[in-house]
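Peer 1: Give me coordinates for this.
(chains A, B, C and D)
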2 protein chains.
Amino acid sequence: MYIESGLNFVKAMPSAVMGQPVGLGSLFTRLPAEHLCAGKILFMEGDVAKSLFEIVEGSLRLYRILGDGRRVITGFLHAGDILGISFNSHYVYTAEAITPVTIRRLSKKAFEAELADSADIRPLVFQQMSDEMVQAQDQMVLLSTKNAEERLCTFLLKELQRALKNGAVQPIVQLPMTRLDIADYLGLTIETVSRTVTKLCSKGVTAVSGRHSVKILKRAMLAHLAGDGDECEEIQRTVPAQAGRLRH
Amino acid sequence: MYIESGLNFVKAMPSAVMGQPVGLGSLFTRLPAEHLCAGKILFMEGDVAKSLFEIVEGSLRLYRILGDGRRVITGFLHAGDILGISFNSHYVYTAEAITPVTIRRLSKKAFEAELADSADIRPLVFQQMSDEMVQAQDQMVLLSTKNAEERLCTFLLKELQRALKNGAVQPIVQLPMTRLDIADYLGLTIETVSRTVTKLCSKGVTAVSGRHSVKILKRAMLAHLAGDGDECEEIQRTVPAQAGRLRH
DNA sequence: CGCCCCCTTGATGAGATTCAACTCCAGTGG
DNA sequence: CCACTGGAGTTGAATCTCATCAAGGGGGCG
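Peer 2: All right, here's what the predicted structure looks like:
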């Protein structure tokens, strides 16, 4: 039941039906906006962590580069998300603009002062971090057990849920990132992503229009192919122990 | 550079050379010990999260069960680790004893009261959560890019570092969990784990004695096979952008 | 218009899973 | 004391999914 998409963030306005943000986004309201061009790096893995950011507009990818040059994308961020909450001295991943991006920047010092002073925001921060952890575990489940089709369907479904939550009426998903980004996020190759998209379209589950837009034609089918089943609950509560086995 | 092993915990005594715990473990010092037999479940995914736990003795596995019965182990916990810090109302994974386990239990209510009252422990909690997040991302990297040998070597190396940190003099790793546990943790099958262990032994990198003990004969070789390279840094700082591609 | 990058599609191969048989060991009970 | 049993682990052979290598399409932007 975790319908947020991407890692390392929560919505800035968890319950703001309209108007003022009521969540962590409130920390940023008075701050000036900054702009980044597509492809620009906001911060790099290893940099001293001096700031937190609210994404006002646009999308970013978060990734780590391995010694041999492989890249792992740990999440995508979109408008309303908050980025950089951490109590490590250095960033552990790189944040890079996918599209032109508008952000607001809050110094870590100011954030920590706020955290010490204002008891109100602490629960929000804890909640944010807990949510990120749940996201991370969902991604671990995806990476350790799901096949290519399940991975892509899970991804599309999550993006669809985000779109609908943000007020979309059409079941259309915008994918600002490239196929390579998706591949590096899902632990696949670009070719496999491409083939799997093609397969979903030929099954009538989805239809692409242009490179960065996918229409979901059969949502129930997509959810089924995503493989989460009921994700536990009833069945498991009656048969707790053994488990394990059963293919990967 | 993250030498802790397992997810969802930090050492209870990060800098306690001897004697009193100085970290989050201090929250538990006055609490009575409880015991669990091997195989007993401490709490289940979906249960209302009422408590936090300190592991005094023994080992646990944390896992989620998927709709189709597949199991994903998200981490192992050992003596000194702390478990259950979350701000979700329900546990998102199951915790089960691998060996006989001794724990101390702190009610979530008491914990949150402490958190509100005592400014001293808040940084420790934030740090714990940040560390867990780093662990989770390391695991994502492992699952999305590493092959069977790299996964197993990474796992053994981490366990070795934990053993040495805890005062072990011999380079011997105790593995209380079964091969199936390891497989479900590394996203492999039990057969692949078994074959890979055999291969490492025949290479002279390791030697097994019994089912639950592995001696590391060539640590440098093990680290090399773990595949983390230098895990970024120098090279990456000079060639930031493009990346991607380069096998999985 | 033409170039470049992104994406798609095809052919092939490697690594992991699957299925199956067998070994080893611990615990049980005769 | 030893045979029996069942769970855990190992090993082998066949299969399959996805990565890799290679070539070709197509859209956007100069």
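
Peer 1: Does residue A:185 touch residue A:73 like I think?
Peer 2: Yes: under the criterion of C-beta atoms under 8 Å, residue A:185 lies in contact with residue A:73, with a separation of 4.1 Å. C-betas here are computed from N, CA, C, even on glycine.

Peer 1: Find residues that contact each of the two.
Peer 2: With contacts taken as C-beta atoms under 8 Å, 6 or more residues apart in numbering or on different chains, the residues that reach both residue A:185 and residue A:73 are residue A:61.

Peer 1: now the biggest helix by length in chain A against helix B:121-145, angle please.
Peer 2: Secondary structure assigned by DSSP state H gives helix A:121-145 as the longest helix of chain A. Orientation check (axes from the mean of the first three to the mean of the last three C-alpha atoms, to 10 degrees): helix A:121-145 against helix B:121-145 gives 20 degrees.

Peer 1: pLDDT (mean, whole number) over helix A:121-145?
Peer 2: The average pLDDT within helix A:121-145 is 95.

Peer 1: What is that helix packed up against?
Peer 2: Other elements packing on helix A:121-145 under the criterion 3 or more C-beta pairs under 8 Å, 6 or more residues apart in numbering or on different chains; DSSP states H and E are strand A:71-77, helix A:108-117, helix A:148-165, strand B:71-77, helix B:121-145.

Peer 1: ok, the fourth one near DNA strand D or not?
Peer 2: Meaning strand B:71-77. No: Strand B:71-77 does not reach DNA strand D (C-beta under 7 Å from any atom of the strand); its nearest approach is 13.1 Å.

Peer 1: after that strand, next one along is what?
Peer 2: Sequence-wise, the next helix or strand downstream of strand B:71-77 (DSSP states H and E) is strand B:82-83.

Peer 1: and that next one, does that touch chain A?
Peer 2: No: Strand B:82-83 stays out of contact with chain A when judged by C-beta under 8 Å from any C-beta of the partner chain, the minimum separation being 12.9 Å.

Peer 1: Remind me what that strand packs against, helices and strands.
Peer 2: The helices and strands touching strand B:82-83, judged by 3+ C-beta pairs under 8 Å, 6+ apart, are strand B:51-57.

Peer 1: quick check: mean pLDDT across the strand it packs on?
Peer 2: Strand B:51-57 comes out with an average pLDDT of 97.

Peer 1: For that strand, which strands pair with it and how are they oriented?
Peer 2: Strand pairing for strand B:51-57, determined by DSSP bridges: strand B:82-83 (antiparallel), strand B:101-107 (antiparallel).

Peer 1: got the residues of chain A near DNA strand C?
Peer 2: Residues of chain A that fall close to DNA strand C, judged by C-beta under 7 Å from any atom of the strand: A:178-180, A:190-191, A:193-195, A:197-198, A:208, A:211, A:247-248.

Peer 1: please redo it, this time with the cut-off set to 6 Å
Peer 2: Counting by C-beta under 6 Å from any atom of the strand, the residues of chain A close to DNA strand C are A:178, A:179, A:180, A:190, A:191, A:194, A:195, A:197, A:198, A:211, A:247, A:248.

Peer 1: what ranges of chain A fall below the confidence cut-off?
Peer 2: Within chain A, the set of residues satisfying pLDDT under 70 comprises A:1-22, A:230-248.

Peer 1: can you list the domains in it?
Peer 2: Following automatic domain parsing, one finds the domains of chain A at A:24-142, A:147-238.

Peer 1: Throw the ones you listed into JSON lines and include distance to residue B:97 and mean neighbour count, thanks.
Peer 2: Written out in JSON lines, the entries for the domains of chain A read as follows (distance: least, C-beta to C-beta, whole Å; neighbours: other C-beta atoms under 10 Å in any protein chain shown):
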{"stretch": "domain A:24-142", "distance to residue B:97": "20", "mean neighbour count": "19"}
{"stretch": "domain A:147-238", "distance to residue B:97": "18", "mean neighbour count": "17"}
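
Peer 1: These: which one's closest to residue B:157?
Peer 2: When those are compared for distance to residue B:157 using C-beta to C-beta, the nearest one is domain A:24-142, at 14.6 Å.

Peer 1: that older thread, could I get the helices and strands packed on helix A:121-145 as CSV with distance to residue B:85?
Peer 2: Conversion of those to CSV gives the following (distance: least, C-beta to C-beta, whole Å):
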stretch, distance to residue B:85
strand A:71-77, 21
helix A:108-117, 17
helix A:148-165, 25
strand B:71-77, 12
helix B:121-145, 6
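
Peer 1: from the residues of chain A next to DNA strand C, which are also near DNA strand D?
Peer 2: Of these, the ones that also sit near DNA strand D (C-beta under 6 Å from any atom of the strand) are residue A:191.

Peer 1: Between all of the residues of chain A next to DNA strand C, which two are separated the most?
Peer 2: Of all pairs drawn from the residues of chain A next to DNA strand C, the one with the largest separation by C-beta to C-beta is A:211 and A:247; the distance is 33.7 Å.

Peer 1: circling back to that earlier point, give me the distance between the longest helix of chain A and the centre of its chain.
Peer 2: Chain-centre distance of helix A:121-145: 10 Å, with C-alpha atoms, centre = their mean, to the nearest Å.

Peer 1: Could you figure out how far it is turned away from helix B:108-117?
Peer 2: For helix A:121-145 against helix B:108-117, the angle between stretch directions is 130 degrees (the same axes, to 10 degrees).

Peer 1: Determine if any part of helix A:121-145 is in contact with DNA strand D.
Peer 2: No: using C-beta under 6 Å from any atom of the strand, no contact is recorded between helix A:121-145 and DNA strand D, whose separation bottoms out at 10.6 Å.

Peer 1: just stretch A:153-171 next, same as before
Peer 2: No: for stretch A:153-171, no contact with DNA strand D is found by C-beta under 6 Å from any atom of the strand; the gap never falls below 11.6 Å.

Peer 1: hmm, that stretch touching chain B?
Peer 2: No: with C-beta under 8 Å from any C-beta as the threshold, stretch A:153-171 lies outside contact range of chain B, at a closest distance of 11.7 Å.

Peer 1: which residues are in contact with that stretch?
Peer 2: Outside of stretch A:153-171, the residues within contact range by C-beta under 8 Å, 6+ apart are A:3-5, A:78, A:80, A:142, A:146, A:172-175, A:182, A:185-186, A:200, A:205-206, A:214-217, A:219, A:222-223, A:225-228.

Peer 1: Also stretch A:118-131?
Peer 2: When contacts are taken as C-beta under 8 Å, 6+ apart, the neighbours of stretch A:118-131 outside the stretch itself are A:2, A:4, A:9-10, A:23-24, A:26-27, A:82, A:85, A:114-115, B:86-88, B:115-116, B:122, B:125-126, B:129-130, B:133.
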